[in-house]
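*Asks:* need a 3D model of the sequence below.
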Amino acid sequence: MIGQQNGVVYREVQRWSFRFRCLLLVPCLLGAAGGVISTITILARGTGQWGSLLTAVVCGILVPAGIGLLIWVARLDTEVRQDGLYIRYVPFHRHFKRLHVEDLSEYRARTYRPILEYGGWGIRCGWKGRAYNASGNRGVQLVFRDGRRVLIGSSRPSELEVAIRSIVHEN
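*Replies:* Below you'll find the model as predicted:
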């Protein structure tokens, strides 16, 4: 999306693919179902084993449900504003993280290998630097003057590169 609204030149919201999220949710749902069955079994026995009941509820229901919720809501928000590039990986970042474009030495759209270069998707550190990616294998590679490398995953990397170029030249 190019065009200014409140100083935003470009905005993209990227989520893990629906198929990938569902694939990850199946074990969480199975774990939670097992936790519910364990809890019901402990309650049906009526033996007063509060430690076992608490363990079944926390480990069997709350943990898998929490992981499932985290998987479902995870997304990468990317904004190019007049004063910089902003990223936020929900739910891990409460606020946008600003990347100063005046410190960039180069940037370019590229195709990458998420597993080989960064160890997968998410907020990753690999032998090629840090990556923020939610799905796919395309993004914009940023190289800063101090040598740091950051890859921002994008389903529209060419548009993101153009938006970054527009504010780099203004700054």
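*Asks:* outline the domain layout of the chain.
*Replies:* Domain ranges of the chain: 8-15+74-170, 18-73, per automatic domain parsing.
*Asks:* need the ones you listed in TSV (columns: mean pLDDT).
*Replies:* Output for those, formatted as TSV (pLDDT from 0 to 100):
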stretch	mean pLDDT
domain 8-15+74-170	93
domain 18-73	76
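*Asks:* strands along this protein, start to end?
*Replies:* Ranges of strands in the chain, per DSSP state E, are 8-15, 75-81, 84-90, 97-99, 104-111, 122-126, 129-133, 138-144, 149-153.
*Asks:* can you give me the buried ones in the fifth one?
*Replies:* Residues 104, 107, 109 are the ones in strand 104-111 that count as buried (16 or more other CB atoms under 10 Å). Yep, even glycine has a C-beta here, placed from its N, CA and C like the rest.
*Asks:* how about the residues you listed in JSON lines, adding distance to residue 45?
*Replies:* JSON lines is the format used below for the buried residues of strand 104-111 (distance: CB to CB, whole Å):
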{"residue": "104", "distance to residue 45": "63"}
{"residue": "107", "distance to residue 45": "62"}
{"residue": "109", "distance to residue 45": "60"}
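*Asks:* which elements pack onto the helix ranked longest in the chain?
*Replies:* In the chain, taking DSSP state H as the definition, the longest helix is helix 18-45. Here helix 18-45 is seen to pack against helix 50-57, helix 63-73 when contacts are counted using 3 or more CB pairs under 8 Å, 6 or more residues apart in numbering; DSSP states H and E.
*Asks:* give me the angle between that helix and helix 50-57.
*Replies:* 160 degrees (axes from the mean of the first three to the mean of the last three CA atoms, to 10 degrees).
*Asks:* helix 18-45 vs helix 63-73, what angle?
*Replies:* Helix 18-45 runs at 160 degrees relative to helix 63-73, counting by the same axes, to 10 degrees.
*Asks:* so which of the helices and strands packed on helix 18-45 comes closest to residue 32?
*Replies:* Nearest to residue 32, of all the helices and strands packed on helix 18-45, is helix 63-73, at 4.3 Å by CB to CB.
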